[in-house]
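**Q** Build the 3D model from these lines:
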Amino acid sequence: MASIIDTALTCLQHTSSFLSIPREVRNGIYRRVLVLRHPLHLFQNNGSTVPGPLETFAPEKPARWLALLYVNRQVHAEASEVLYGLHHFRLVGTAQNQAQLLCTFVNSIGPGNAGAVSHLSINFPAIERVVGVEGQLGRLRLALTGDGQSSLAILREKCPNLTILETLVYTHGSQSLLYAGHDSHDDLDDQSIREALAHVDVQLKLISSLRKIIVRFYSGPLAPSVVAAMQGFGWDVYRGDRAKLDTQDAGRTL
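**A** Numbering: from 1, shown residues only. Have a look, this model is predicted:
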């Protein structure tokens, strides 16, 4: 990879000649130089009062990986479109504070680059238990938190070309409500869970560019009713980074 970068930079010493190459050929060069095989992991170290800057971990990142971005304005614009449009970005943080991380991400890369992002991984939007009133009886149900709603609104407004959204589910935090046999799951009925997931689905479908919604569970066992409901919405459900789940093996420990 380093030799490819060096060759590209040598060619770009004669920028006018490089820009005379057809755009599709230039895009091929950008892809070979910039696009990594692994997701780019984005995280933010939160201090006691002020969040830290957004940081990126890129496995197998070559030396001078982003040097093309600093050649000139036109090459920067073209290369950035490839960089943000073809990479898989994975946000690392808690579901309860995800909107802040998303907001930092889209603001730091700017509206043009945010508009190019096509593949993103986030924690499953945060949900919480609330008491809904039906007649005179209170029934425990689930609902998106304010942070969960804000996260989806940011994606809808700032990422108009997002086509693949992966949501990651762990047993910590509010997402434990989606697991079978967990203490916090015992006082909830399947209808409450389906209603909450249906609301999440409605919010996701408002992101008109989305073509694929993936849910990855990283521990378990899972509630079969949860897996069935998600698949009913057309979501692809996976056991971590492995194969797709079906309702028959959903209850097995991951």
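**Q** Now do the contacts for the closest residue to residue 70 other than its chain neighbours.
**A** Leaving aside its chain neighbours, residue 70 sits nearest to residue 76 (7.1 Å; criterion: Cβ to Cβ, 6 or more residues apart in numbering). Heads up, the C-betas are built off the backbone N, CA and C, glycines and all. Neighbour list for residue 76: 68-70 [criterion: Cβ atoms under 8 Å, 6 or more residues apart in numbering].
**Q** Residue 196 contacts residue 143, correct?
**A** Yes - assessed by Cβ atoms under 8 Å, residue 196 is found in contact with residue 143 at 6.3 Å.
**Q** residues shared between the contacts of those two?
**A** Overlap of the contact sets of residue 196 and residue 143 (by Cβ under 8 Å, 6+ apart) consists of residue 127.
**Q** Among those two, which residue is more densely surrounded?
**A** residue 196 (23 against 17; other Cβ atoms under 10 Å).
**Q** Can you tell me the element the more buried one falls in?
**A** Taking DSSP states H and E as the definition, one finds residue 196 inside helix 190-205.
**Q** same thing with residue 65?
**A** Per DSSP H and E: residue 65 is located in neither a helix nor a strand.
**Q** and it, backbone torsions?
**A** In terms of degrees, to the nearest 10, the main-chain angles of residue 65 are phi -60, psi -40.
**Q** The one 3 residues further on too?
**A** The phi/psi pair for residue 68 (degrees, to the nearest 10) reads phi -60, psi -30.
**Q** residues near it, how many?
**A** Using other Cβ under 10 Å, residue 68 has 22 neighbouring residues.
**Q** before we move on, what about the one 10 residues further on?
**A** One way to gauge burial is a neighbour count; for residue 78, by other Cβ under 10 Å, it gives 19.
**Q** cool, residue 162 as well?
**A** Neighbours of residue 162 (other Cβ under 10 Å): 21.
**Q** just residue 34 next, same as before
**A** For residue 34, the number of neighbouring residues by other Cβ under 10 Å comes to 22.
**Q** repeat for residue 155
**A** A count of neighbours around residue 155, defined by other Cβ under 10 Å, yields 25.
**Q** Just the element for it, please.
**A** helix 146-158.
**Q** Starting from the helix or strand that comes right after that helix, tell me which strands it pairs with and how they run.
**A** Later in the chain than helix 146-158, the nearest helix or strand by DSSP H and E is strand 164-169. According to DSSP bridges, strand 164-169 has the following sheet partners: strand 119-123 (parallel), strand 212-217 (parallel).
**Q** Need the winner for burial among the ones you listed.
**A** The highest mean neighbour count among the strands paired with strand 164-169, using mean count of other Cβ atoms under 10 Å, belongs to strand 119-123: a mean of 21.
**Q** what comes into contact with it?
**A** Residues external to strand 119-123 that are found in contact with it (Cβ under 8 Å, 6+ apart): 39, 87-91, 93-95, 98, 102, 151, 155, 159, 162-170, 175.
**Q** Where does pLDDT dip in the stretch 1-150 of the chain?
**A** 1-16, 46-51, 95, 132-140 (pLDDT under 70).
**Q** run the last query once more with 50
**A** Along the stretch 1-150 of the chain, segments meeting pLDDT under 50 span 2, 48, 135-136.
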